[in-house]
Every structure is written in C-alpha cells, then in structure tokens.
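Asks: Whatever this is, show me its structure:
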Amino acid sequence: MEVTIYHNPRCSKSRQALSLLESKGNKPIVVEYLKNPLTTEQLSQIINELNIKPIDLVRKNESIWKENYKGKELSDDEIIKVMISNPILIERPIVSSSKGAAVGRPPENVLSVL
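Replies: Predicted coordinates for the structure are as follows:
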C-alpha cells in the first residue's frame, strides 16, 4: 500500500510520525510541503480525505495567522488560499493512504490509515 506523509522535518511530531510509519515497515513517500508547496487541488483533496473543514487544518497559533487572519470571516476557499500562500499554516504531519488520511497529532493517529 502506498503511504504519503506531508512532512516538516523541523517538527518533532512530524519526525515522530515518520519514524512510527517506518517502524511498521512502511517506506512512505515524503512530501516536504514547505519546500514543495501543495496545489489548491492537492490541499482540497487532503481536506476531503480527512473529512474536516479547511479551518480545522490551520495552525492557529502561528504568528502569520494571528496577525493577519484571526477573527476574520473567511470562506473555505479563502482559508485554502491562505494555506497555499502560507504553507507553514498547514497542520502537520498528514498521512494519506488508500485507507484515508489522518493528522499525526498525536503521531499514533497515523496508524489508523495503515
């Protein structure tokens, strides 16, 4: 089964989730989304797989969010555009497989899609 992790190597939770996947015998496709930004279509697909609203994937404690968007009424499409423009705002890590997608907070959440 093909497994993809949307990964930030500077994030401890992301590193833990990747290590957990590897410890279970998986060799996931690693997408460093800060270096290789997602397209609107890719991010929309991930949100659909997660079965959440775009706002639920936003890292709301990031200064970019607090200073520019907090408290504003944004549509789902606008929130997706904000995350595409500022990928640091995308919650991480995200693991996707043919069984669905999961946010690795805590890292053990990713086991649900293996």
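Asks: gap between the two ends of stretch 49-63?
Replies: Distance between the two ends of stretch 49-63: 27 Å, counting by C-alpha to C-alpha, to the nearest Å.
Asks: go on, stretch 88-103?
Replies: End-to-end span of stretch 88-103 (C-alpha to C-alpha): 15 Å.
Asks: now stretch 91-110
Replies: Stretch 91-110: ends 14 Å apart by C-alpha to C-alpha.
Asks: Outside of it itself, list whatever touches it.
Replies: 1-8, 11, 13-14, 16-18, 20-21, 28, 33, 46, 49-50, 57-59, 112-114 (C-beta atoms under 8 Å, 6 or more residues apart in numbering). C-beta coordinates here come from the backbone N, C-alpha and C atoms, glycine included.
Asks: Just the buried residues out of these, in PyMOL syntax.
Replies: Filtering the contacts of stretch 91-110 down to the buried ones (16 or more other C-beta atoms under 10 Å) takes a single PyMOL command:
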select buried, resi 3+4+5+6+7+8+13+14+16+17+18+20+21+28+33+46+49+50+57+58+113
